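starting from these lines, generate the structure:
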Amino acid sequence: MVQSRANTPLSDVTVLDFGQIFQGPYASFLLAKAGALVIKIEPPRGEPGRRRAEPGKSATLPFAMLNQNKHAITLNLKHEHGRELLFEMAGRADVLLENFSPGTMDDLGVGWSRLHKINPRLIYASGSGFGISGPDRDNLAMDMTIQAASGIMSVTGFPDGPPVKAGPTLVDFMGGIHLYAGILTALYDRDRSGKGCLVEVAMQEAVYPTLAASYDYYYRTGEVPPRTGNRQSGLNSAPYNVFATTDGHVAIHVVTEAHFQNLLKAMGREDLQDDPRFATNAGRVTHMDETDALVEAWTRTLPKMEVFARAKAYRIPCAPVRTAPEVMNDPHMHERGMLERVDHPELGEIVVPSTPLRLHGIDRVATRPSPTIGQHNEEIYGGWLGLSAGEIDELRATGAI
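Numbering: from 1, shown residues only. All right, here's what the predicted structure looks like:
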């Protein structure tokens, strides 16, 4: 109704998006980039992600990245008329997505049990830290606290240091990916059953499988898995580490004996091919410090891109440790269309990602900058719900939107 979505997988799907910060907005971003009409619903002051913006602006770079291709409206769920508007929209929508604290929507009288009665085909998707049931349901959940509770921090860092969180916002985005997957699964099921369902994703549960190697270590040894820095968990492969160069670092991961023999050639150390310390992986693990010192004696003499070039020539698994600006300007991802420079009305020229999900033969949804607060109030309330300009003005005056 408000955009051309002919040859996209979710062109007939309408999403009511109450996502905030990272988890919910990433799930709805993926839906929008698959062609869904995503209506971002915010309180009149905007969602918390907007409130991190500089004075005079309503967007940050993360907000602009995660809210592309959405239509933004304002709605006050604490206002009776605001709830009535949601009931009307829910009757027409396919999906409602939220990542509030468990029970928030129920307390407002607009949770799954109420909306399911209004629209039995509605898929209600809830993202949270620990789930909507169980003894930990009401524990406050942020990316860092879930990293702590899930065990991620216990195995991150160096052996002689404290637990460390992962640098990226790992848990929120893992939760968002799983929320997207849950919604698509529910849509598929609805095609057969004709009924919507409640979908929930707990971030703690979404990241549990990422510690598979740590669980295996405990299963095999009966000991708490240690922090191993940049070495492999379980210390069963070498070299596997990050090594200093003249201008940064490179990561090298030798998997096969052929890889190590090629590494010796790249380093000009073929004289060590028969050295019992390095001839097998078992020997290299036993002499891990010596192995790492051997490799770093070579990498320290070269820039990181030169090390990478030589490793690539010899088919050795290796990558430069790149900084944020290096990645944002990556020619490979720009050429593939994963990264794109857009002119944002508030932020100027910025780099934003597209969806990493590629369906060949399907149209890619053209990028539209993230909307301002309530940018599409008239378009959605007037064009979609059919309210008059006077009715919209009254809703605004009474604080319902």
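
where does this structure dip in pLDDT?
For the chain, the stretches flagged by pLDDT under 70 are 1-6.

which SSE is the residue nearest in space to the middle of it in?
Centroid-nearest residue in the chain: Phe173, 2.6 Å away (criterion: Cα atoms, centre = their mean). Secondary structure assignment for Phe173, by DSSP states H and E: helix 170-193.

cool, and Lys117?
Lys117 belongs to helix 112-118, assigned by DSSP H and E.

pull out the buried residues from that helix.
112, 114-116 (16 or more other Cβ atoms under 10 Å). The C-beta positions use only the backbone N, C-alpha and C, and glycine is treated the same way.

could those be laid out in TSV, adding distance to Asn241?
Formatted as TSV, the buried residues of helix 112-118 follow (distance: Cβ to Cβ, whole Å):
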residue	distance to Asn241
Trp112	48
Arg114	55
Leu115	52
His116	52
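
which one of those residues is nearest to Asn262?
If you rank the buried residues of helix 112-118 by distance to Asn262 using Cβ to Cβ, Trp112 comes first, at 56.2 Å.

who are the contact partners of that closest one?
105-106, 124, 126, 198 (Cβ atoms under 8 Å, 6 or more residues apart in numbering).

okay, the residues you listed in CSV with secondary structure, neighbour count and distance to Val13 next?
Formatted as CSV, those follow (DSSP: H, G, I helix; E, B strand; the rest coil; neighbours: other Cβ atoms under 10 Å; distance: Cβ to Cβ, whole Å):
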residue, secondary structure, neighbour count, distance to Val13
Met105, helix, 22, 20
Asp106, helix, 14, 25
Tyr124, strand, 25, 14
Ser126, strand, 25, 18
Leu198, strand, 17, 17
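
can you list the residues you listed in a markdown table and add distance to Leu86?
Shown next, in a markdown table, are these (distance: Cβ to Cβ, whole Å):
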| residue | distance to Leu86 |
| --- | --- |
| Met105 | 10 |
| Asp106 | 13 |
| Tyr124 | 12 |
| Ser126 | 15 |
| Leu198 | 17 |
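
which parts of the stretch 51-200 of the chain are helices?
61-66, 80-92, 104-107, 112-118, 143-150, 170-193 (DSSP state H, counting those that start in this stretch).

who touches the last one?
Helix 170-193 is touched from outside by 10, 13, 21-27, 30-31, 94-95, 97, 99, 121, 123, 125, 127, 143, 146-147, 150, 152, 196-197, 199-203, 206-207, 210, with contacts defined as Cβ under 8 Å, 6+ apart.

quick one, helices of the stretch 201-350 of the chain?
203-207, 212-221, 257-267, 281-286, 288-299, 304-313, 324-328, 331-336.

may I have the second one as CSV, with CA atoms only?
In other words, helix 212-221. C-alpha atoms of helix 212-221 as CSV (Å, rounded to 0.1, in the frame of the first residue of the first chain):
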residue,chain,number,x,y,z
ALA,A,212,29.8,-26.0,22.6
ALA,A,213,33.6,-26.3,22.8
SER,A,214,33.6,-25.2,26.5
TYR,A,215,30.9,-27.8,27.3
ASP,A,216,33.0,-30.4,25.6
TYR,A,217,36.0,-29.4,27.6
TYR,A,218,34.1,-29.9,30.8
TYR,A,219,32.6,-33.2,29.6
ARG,A,220,36.0,-34.6,28.7
THR,A,221,38.0,-33.3,31.7
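
show me what counts as buried in that helix.
214, 217.

then the last one?
The neighbour-count criterion (16+ other Cβ under 10 Å) identifies Met333 as the buried residues of helix 331-336.

same check on the longest one?
When neighbours are counted by 16+ other Cβ under 10 Å, the buried residues of helix 288-299 are found to be 288, 291-292, 294-296, 298-299.

between the residues you listed, which is nearest His249?
For these, the nearest to His249 is Thr299 (8.2 Å; Cβ to Cβ).

which non-adjacent residue is nearest that closest one?
Distance criterion Cβ to Cβ, 6 or more residues apart in numbering; nearest residue to Thr299, sequence neighbours excluded, is Phe243 at 4.2 Å.

contacting residues around that neighbour?
Contacts of Phe243 by Cβ under 8 Å, 6+ apart are 249-252, 292, 295-296, 299-300, 307.

again, but for Ala319
Contacts of Ala319 (Cβ under 8 Å, 6+ apart): 250-251, 308.

and it, bridged to which residues?
Ala251 (DSSP bridges).

so how far is Gly157 from it?
21 Å (Cβ to Cβ, to the nearest Å).

so how many other residues sit close to the closest residue to Pro120 other than its chain neighbours?
Nearest non-adjacent residue to Pro120, counting by Cβ to Cβ, 6+ apart: Lys195, 5.7 Å away. Neighbours of Lys195 under the rule other Cβ atoms under 10 Å: 13.

tell me the phi and psi of Lys195?
Dihedral angles of Lys195 (phi, psi; degrees, to the nearest 10) stand at phi -120, psi 150.

appreciated, that's everything.
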